[in-house]
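*Asks:* All I have is the shape, not the residue letters:
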């Protein structure tokens, strides 16, 4: 991985982390339970429960992605082999690293 690619990846990871740090509190608000005495109607309550489930899944994914990005950001500076497949030694494409920052395999070796 070239210095320019490292710099690009680090900038991308930092932007993603900042975005997730802003998104996580919003999602936490959406998963708060609705008080039983809140008169919103049975159908609306069911719709709210479904929306909360979707928000919980998004929150979980956001937290996992943030941890993975933070770990990749740490590894990009510490690991001189960051961005190289651990099986074949070929460079892992930057778009793959951005999509899956925890990956240590190129597409061919991952299959």
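*Replies:* That came through, no problem. Remember, predicted model here, so these are calculated numbers, not experimental data.

*Asks:* Would you point out which residue is most central in the chain?
*Replies:* residue 65 (2.1 Å; C-alpha atoms, centre = their mean).

*Asks:* Which elements pack onto the stretch of helix or strand that residue belongs to?
*Replies:* According to DSSP states H and E, residue 65 maps onto helix 42-78. Helices and strands touching helix 42-78, by 3 or more C-beta pairs under 8 Å, 6 or more residues apart in numbering; DSSP states H and E, are helix 3-30. Every residue, glycine included, has its C-beta placed from N, CA and C.

*Asks:* how about the closest residue to residue 90 other than its chain neighbours, what does it touch?
*Replies:* Counting by C-beta to C-beta, 6 or more residues apart in numbering, residue 106 is the residue found nearest to residue 90 once chain neighbours are left out, at 5.3 Å. For residue 106, the contacting residues are 85, 87, 88, 90, 91, 92, 93, 96, by C-beta atoms under 8 Å, 6 or more residues apart in numbering.

*Asks:* Pretty sure the fifth one sits against residue 97.
*Replies:* No - the criterion here is C-beta atoms under 8 Å, and residue 91 misses it with residue 97 at 9.6 Å.

*Asks:* Please enumerate the shared neighbours of the two.
*Replies:* residue 83.

*Asks:* Which one's more surrounded, those two?
*Replies:* residue 97 (23 against 15; other C-beta atoms under 10 Å).

*Asks:* before we move on, the earlier item: ok, now how distant is the residue nearest to residue 90 from residue 96?
*Replies:* Between residue 106 and residue 96 the computed distance is 7 Å (C-beta to C-beta, to the nearest Å).

*Asks:* got it, and residue 4?
*Replies:* 17 Å.

*Asks:* Which one's more surrounded, those two?
*Replies:* Neighbours per residue, other C-beta under 10 Å: of residue 4 and residue 96, the larger number sits with residue 96, 16 against 8.

*Asks:* what's the helix or strand hosting that one packed up against?
*Replies:* Taking DSSP H and E as the criterion, residue 96 maps to helix 94-99. Counting contacts by 3+ C-beta pairs under 8 Å, 6+ apart, helix 94-99 packs against helix 3-30.
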